[in-house]
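1. Got a predicted structure here, sequence first:
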2 protein chains.
Amino acid sequence: MEKVKWIDGGVCAPKGFRASGVHAGVKSSHSVDPNSNTASEKPDLALILADKPCDAAAVFTKNVVKAAPVLLSRERIGLPPSPPSERGARPGETPPSKRGEAPQGQGGVLQAVILNSGNANACAPNDYANAVKMSKAIADALGISEEIIGVASTGVIGQELNIGAITAAIPELIGALGDNSDAAAKAIMTTDTVKKEFAVETEIGGKTVRIGGIAKGSGMIHPNMGTMLSVITTDCAISRELLDKVLRNAVCESFNRISVDGDTSTNDTCFILASGDAGNAEITLEDNYGSETWVGSDAWVFEDALCALCVKLAVAMASDGEGAKHLITCVVSESENEPKAEAIAKSVISSSLVKSMIFGEDANWGRVLCAMGYSGESFNPERVDVTFRSKAGEVAVCNSGRGLMFDEDLAKKVLSEHDIEILISLNEETAPGEFGWCMCWGCDLTYEYVKINGDYRT
Amino acid sequence: MEKVKWIDGGVCAPKGFRASGVHAGVKSSHSVDPNSNTASEKPDLALILADKPCDAAAVFTKNVVKAAPVLLSRERIGLPPSPPSERGARPGETPPSKRGEAPQGQGGVLQAVILNSGNANACAPNDYANAVKMSKAIADALGISEEIIGVASTGVIGQELNIGAITAAIPELIGALGDNSDAAAKAIMTTDTVKKEFAVETEIGGKTVRIGGIAKGSGMIHPNMGTMLSVITTDCAISRELLDKVLRNAVCESFNRISVDGDTSTNDTCFILASGDAGNAEITLEDNYGSETWVGSDAWVFEDALCALCVKLAVAMASDGEGAKHLITCVVSESENEPKAEAIAKSVISSSLVKSMIFGEDANWGRVLCAMGYSGESFNPERVDVTFRSKAGEVAVCNSGRGLMFDEDLAKKVLSEHDIEILISLNEETAPGEFGWCMCWGCDLTYEYVKINGDYRT
């Protein structure tokens, strides 16, 4: 059981990957208002390229309305266009999983992922054709099959993609390939204010294994496979089936536990590509995935490291939520089981009133109880304890469902920090074999969120 | 089939009711910060009194965390403290109804309802005891049984109710009784900017029947029995069982179809009291409630008028949502059935991104598609049409799931009106016997919402 070690870099930290990010001008044409055509030189096109075809897996948005690049990338990764469990349950159909996982895939093979910001290529004229063109243009230029290209887009919905700008920029994009995870991370940013790029190192089978990732978040983020765009690379040798499983698990425990605004986007996508260049003996499903003997196995170590990376990327998204001034971490403990703890924690971080309260730095904890109460989970309100905590200290505000007298000055100080924890205990007995604890992340609701989203297109 | 006629007044428009509203100073003590004790003279205590005990019904919040006055009033109206269907489904238990109705009650008898603003009397020391005291004090002063008093509170959660201020104000409250629905409507306002008070008149069994109501809304409003506080009176002679049924139906089609911020309060309560003074022959369940022969019956006429009143109160709440600058009406038509149309319309009016878009008066219709897509309902995105409409005109923005070129100047003009309609057609065939249409109401998300809720307690 190796400890996870944080290292510099992102998708190029593992062996076998190069990246680039350039300005293509995706936004500069097809804009309806010619006066707003002040095309910035912000990079808006990114490429992650592996030296050779990689085992790959991906999870995608569960929104019924799926962007064209999501539909295309689903095919590439061997997923059906839109399975019943993603359409909402209908009579006689399997209902969507309670935990919000995407359906199991088999994984696939990818060598490159091309991503653009500035246009979501969703509900737009020629959207699917343009996603195919984007994929074909990069495949032709690289001299590889278009079947091993993943495509992702983010930006405004409903406007035609400026495919000409993208294809014109491809030579420059390929020319810029190198140790440039940083440029790729910047190119996929939209309203993000900081780039999200992290990498970890661990040891598997006596070999150093690295996992690196980039992501963009900011708005239209809600825990239902709410990853927005993320590309993760690893040099670990790992079977495709296992890669698919560990990615799904890691997403459930990271990206699916954040919310910025309750809106699940049409474009959410998270890819993982494994080059196998670390030289470890391939880890596979035979490691008894999910069983007791699996704990401490190579697969377990890999998943542990992948989870750590995904949580880091997800928390960075929540912290950089549109207009956010605070990161909110909600911890629900002493729950009967983990799904209940998760549902309650998500309800709290998603509440507009809790989010406004944190913005106002006002210890109005009744709203925490209220949000717990409409989570859809049963619990005894008379047993709930609530504490606010930050590096400035902690203040217990509710004991057994009743308000405590507390030091308002201290509470103000605690809530004036950037990182705020809302600690909730249900004081329930955790059922045998269950995990009675969960942590979710969100951000406050600010004037800036409203401003950013009242004026997004122009 | 009499047409509903709007008349002046509120809860005192029907025969047999008086009302009053006074300033008790509910907020002025138990405030933690003595510097914020600038007790305004805003009325904060309301009484609605019938001349004699009335058949009555009520619906309450489905939040697991229920305020003490809700628990007390549930008992008074013959409902169990917290049935399984309101706690969220547990293994082996009946799940909550899909449509979000409260469980059926039997109705009860009430002669008076006392309501305060300024404190929710929820999760607070002595909350239940104080609700009982509030009820007993008014019962004693009126010389009636406390079993026929309904109690409701609204305001901050978790602070002890200033019961002394309330009991001290009761003589004044009783002394002020009269044709004062207006004063009662004002006394229950919190962050509301306009009072909500309406009355309708219809004809039943050759007699003029009136229904009047007051309500408060503003924040913590979401369609899950999301009425906040409302008291409705009628002079119609109607059986208790039928009164309960028509109230539940009217609430589902009105208060449960609005959202301000997605937060379902701990205190939501809607009472109806029927004095029978109109002199019509009592209408009962024997009118074949819900059957085909029921259409056009006296019960049907009554429900039609009650629905009209509840919709008027609910729309007034949405329009006066905290910080709102726009009323949003979302109409989903050509749906397979009504529940699907309702779920999709609710998802649209609840979306932070749609709400911000309306605030920004920006025709970013992709967000409408996105919100439809995570409603949990299945539909074919490729068949969806979307139009924005207001009294300034209408602009079709999406046809068969693809963006249309539209006149941005006209769109801006349409969205600059106060009342905005989002018209969605799913272009589905409505199933036989189903109703393929639903209308829901919300408001935009503004800086003021964040401001109001960042600084609510102080």
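-> Ah, there it is.

2. And the contacts of the strand or helix carrying A:Y449?
-> Using DSSP states H and E, A:Y449 sits in helix A:447-454. Outside of helix A:447-454, the residues within contact range by Cβ atoms under 8 Å, 6 or more residues apart in numbering or on different chains are A:191, A:219, A:261, A:321-324, B:352-353, B:356-357, B:359-362, B:445-447, B:449-451. Heads up, the C-betas are built off the backbone N, CA and C, glycines and all.

3. Alpha carbons of it, as PDB, please.
-> Output of helix A:447-454 as PDB, limited to C-alpha atoms (Å, rounded to 0.1, in the frame of the first residue of the first chain):
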ATOM      1  CA  TYR A 447     -23.600  38.400  -7.200                       C
ATOM      2  CA  GLU A 448     -20.800  37.400  -9.600                       C
ATOM      3  CA  TYR A 449     -22.500  34.000 -10.300                       C
ATOM      4  CA  VAL A 450     -25.700  35.900 -11.400                       C
ATOM      5  CA  LYS A 451     -23.600  38.400 -13.300                       C
ATOM      6  CA  ILE A 452     -21.600  35.800 -15.200                       C
ATOM      7  CA  ASN A 453     -24.700  33.800 -16.100                       C
ATOM      8  CA  GLY A 454     -27.000  36.700 -16.900                       C
END
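
4. Now for the residue of the stretch 1-150 of chain A found nearest chain B, how many residues are close by?
-> When distances are taken as Cβ to the nearest Cβ, the stretch 1-150 of chain A reaches nearest to chain B at A:V65, 3.3 Å away. Counted by other Cβ atoms under 10 Å in any protein chain shown, the residues lying close to A:V65 total 26.

5. Phi and psi next, for it.
-> phi -90, psi 110 (degrees, to the nearest 10).

6. cool, the one 10 residues further on as well?
-> Listed backbone geometry of A:E75 is phi -60, psi -40, with angles given as degrees, to the nearest 10.

7. any idea of the mean pLDDT in the longest helix along chain A?
-> Counting by DSSP state H, the longest helix found in chain A is helix A:298-319. The average pLDDT for helix A:298-319 rounds to 88.

8. Please see if that helix touches chain B.
-> No. For a cut-off given as Cβ under 8 Å from any Cβ of the partner chain, helix A:298-319 has no contacts with chain B; the smallest distance is 14.9 Å.

9. packing partners for that helix?
-> Packing partners of helix A:298-319 (3 or more Cβ pairs under 8 Å, 6 or more residues apart in numbering or on different chains; DSSP states H and E): strand A:196-204, strand A:207-216, strand A:229-234, helix A:240-252, strand A:258-259, strand A:327-333, strand A:438-443.

10. Tell me, how many residues neighbour the residue nearest to A:A122 when sequence neighbours are not counted?
-> Ranked by Cβ to Cβ, 6 or more residues apart in numbering or on different chains and with sequence neighbours excluded, the top spatial neighbour of A:A122 is A:A67, at 3.5 Å. A:A67 has 33 neighbouring residues, counting by other Cβ under 10 Å.

11. do the one 4 residues further on as well
-> Using other Cβ under 10 Å, the number of residues around A:L71 comes to 18.

12. wouldn't it be in contact with A:Y128 here?
-> Yes. Look at A:L71 against A:Y128 with Cβ atoms under 8 Å: they come within range, at 6.5 Å.

13. between the helices and strands packed on helix A:298-319, which one is nearest to chain B?
-> Judging the helices and strands packed on helix A:298-319 by Cβ to the nearest Cβ, what sits closest to chain B is strand A:258-259, at 10.2 Å.

14. Direction included, what does that closest one pair against?
-> strand A:438-443 (parallel) (DSSP bridges).

15. re earlier: name all residues that make contact with the residue of the stretch 1-150 of chain A closest to chain B.
-> Counting by Cβ under 8 Å, 6+ apart, A:V65 touches A:122-123, A:266, B:369-370, B:372-373, B:381, B:401.

16. coming back round to it: and the helices and strands packed on helix A:298-319: which comes nearest A:M134?
-> Comparing the helices and strands packed on helix A:298-319 by their distance to A:M134 (Cβ to Cβ), the top pick is strand A:229-234, with 14.3 Å.

17. and the closest one, what does it pack onto?
-> strand A:45-60, strand A:108-117, strand A:149-154, strand A:207-216, strand A:269-274, helix A:298-319.

18. quick one: which of these is nearest A:G16?
-> That would be strand A:45-60 among the helices and strands packed on strand A:229-234, by Cβ to Cβ, at 4.8 Å.

19. Next, the buried residues of the closest one.
-> Residues A:45-50, A:53-60 are the ones in strand A:45-60 that count as buried (16 or more other Cβ atoms under 10 Å in any protein chain shown).

20. With stretch A:416-434 instead?
-> A:417, A:420-428, A:430.

21. Please pull out the lowest mean pLDDT helix or strand from chain A.
-> Sorted by mean pLDDT, DSSP states H and E, the helices and strands of chain A end with helix A:84-87, the least confident at a mean of 37.

22. Please spell out which residue in chain A sits farthest from the middle.
-> Residue farthest from the centre of chain A, counting by Cα atoms, centre = their mean, is A:M405 at 38.8 Å.

23. In strands, which of the contacts of A:V65 appear?
-> Using DSSP state E, no member of these sits in strands.

24. among the contacts of helix A:447-454, which ones are buried?
-> Neighbour-count burial (16+ other Cβ under 10 Å) is assigned, among the contacts of helix A:447-454, to A:191, A:219, A:261, A:321-324, B:352-353, B:356-357, B:359-362, B:445-447, B:449-451.

25. Give me the number of neighbouring residues for the single nearest residue of the stretch 101-250 of chain A relative to chain B.
-> Using Cβ to the nearest Cβ, the single residue of the stretch 101-250 of chain A nearest to chain B is A:I157, 2.4 Å away. A:I157 is flanked by 28 other residues according to other Cβ under 10 Å.

26. and it, which of the three is it?
-> coil (DSSP: H, G, I helix; E, B strand; the rest coil).

27. among the buried ones among the contacts of helix A:447-454, which are in helices?
-> Going by DSSP H, the helices hold B:352-353, B:356-357, B:359, B:447, B:449-451 from these.

28. Using CSV, please lay out these together with pLDDT and distance to B:V386.
-> As requested, these are exported to CSV (pLDDT from 0 to 100; distance: Cβ to Cβ, whole Å):
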residue, pLDDT, distance to B:V386
B:S352, 83, 18
B:L353, 83, 15
B:S356, 87, 17
B:M357, 88, 12
B:F359, 90, 18
B:Y447, 79, 27
B:Y449, 76, 25
B:V450, 77, 27
B:K451, 78, 31
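
29. Can you give the contact residues for stretch A:197-208?
-> Here stretch A:197-208 has contacts from A:2-11, A:13-14, A:181-182, A:185, A:209-214, A:236, A:278-281, A:283, A:298, A:301-302, A:304-305, A:308-309, A:312-313, A:316, using Cβ under 8 Å, 6+ apart.

30. from the chain's centre, how far out does that stretch sit?
-> Its chain's C-alpha centre and that of stretch A:197-208 lie 21 Å apart, by Cα atoms, centre = their mean, to the nearest Å.

31. Hmm, A:T234 is touching A:N280, no?
-> No. Contact criterion Cβ under 8 Å: A:T234 and A:N280 do not qualify, at 10.6 Å.

32. Tabulate the helices and strands packed on strand A:229-234 (TSV), appending distance to A:R240.
-> Below are these laid out as TSV (distance: least, Cβ to Cβ, whole Å):
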stretch	distance to A:R240
strand A:45-60	4
strand A:108-117	7
strand A:149-154	14
strand A:207-216	16
strand A:269-274	8
helix A:298-319	13
